[in-house]
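Participant: Sharing a sequence plus its predicted fold:
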Amino acid sequence: MEYGKIISVTGLGGLFELVGSKKDGAIVRSLEDKTTRFVASRVHNFSHLESIEVYTQRDNANLVEVFQAMDASSEELPDDKDGNAVKAYMQKVFPDMDFERVYSSDMKKMIKWFRVLKTNEVELKLSQAEDEEETEGDEEAVEVAAPDAAPVTAEETTEAAPAKKATRKKKTQE
């Protein structure tokens, strides 16, 4: 299961896999009980886990970075109902987090979500990183194919492309 397809839905507990989308909502599958349902966008908001960021002392960190730190840690996950234990755990695992701006309820939710992700064996990796790796590989292939030619940038390719002319309608005699 891909991390990029996991979403949170307001008003519904837990995490969901995005199965499909429609104009007026989405079809989601619960990661906990595997039930599939339609969720209307008029009633609920959707948040991809990839787009969620966490306040830190410097720049904001993506939620996947926190999950990766939790995964790499040898610390045992605390009970998500004990706020002090959750905060102490997060201070050990991700000390860069801004604990004045990140609420304890958010930290509890991160622990619940991490358990669900580990139970469902979701790979904790951003899909954007894969896209960047693929484009880097494509650029290398271009350079290898034409080593003596100057590299072409995206701007040059758009400027060099001929513009299409609009076709004119023929005038009809009245």
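Facilitator: Yep, that arrived. Numbering: from 1, shown residues only.
Participant: where in this structure is pLDDT low?
Facilitator: 128-174 (pLDDT under 70).
Participant: Do you have the strands of it handy? List them.
Facilitator: For the chain, the strands defined by DSSP state E occupy 6-9, 15-22, 25-30, 36-40, 46-48, 53-54, 61-62.
Participant: Indicate each strand paired with the first one and its parallel or antiparallel sense.
Facilitator: Read that as strand 6-9. Partner strands and pairing direction for strand 6-9 (DSSP bridges) are strand 15-22 (antiparallel), strand 46-48 (antiparallel).
Participant: quick revisit: so for F114, which of the strands of the chain sits nearest?
Facilitator: Closest to F114 of those, according to Cβ to Cβ: strand 15-22, at 10.2 Å. No exception for glycine: its C-beta is placed from N, CA and C like everyone else's.
Participant: Give me the buried positions along that closest one.
Facilitator: L15, F16, E17, L18 (16 or more other Cβ atoms under 10 Å).
Participant: now those residues in a markdown table, with distance to V102?
Facilitator: Below are the buried residues of strand 15-22 laid out as a markdown table (distance: Cβ to Cβ, whole Å):
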| residue | distance to V102 |
| --- | --- |
| L15 | 19 |
| F16 | 23 |
| E17 | 26 |
| L18 | 26 |
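Participant: quick revisit: between the strands paired with strand 6-9, which one is closest to L124.
Facilitator: Nearest to L124, of all the strands paired with strand 6-9, is strand 15-22, at 12.9 Å by Cβ to Cβ.
Participant: dump the residue contacts of the residue positioned nearest the centre of the chain.
Facilitator: In the chain, the residue lying closest to the centroid (Cα atoms, centre = their mean) is E50, at 1.6 Å. Residues near E50 by Cβ atoms under 8 Å, 6 or more residues apart in numbering: Y3, G4, N62, L63, V64, L126, S127, Q128.
Participant: Helices of this structure, residue ranges please.
Facilitator: Assigned by DSSP state H, the chain shows helices spanning 63-72, 83-93, 104-119, 127-145, 154-160.
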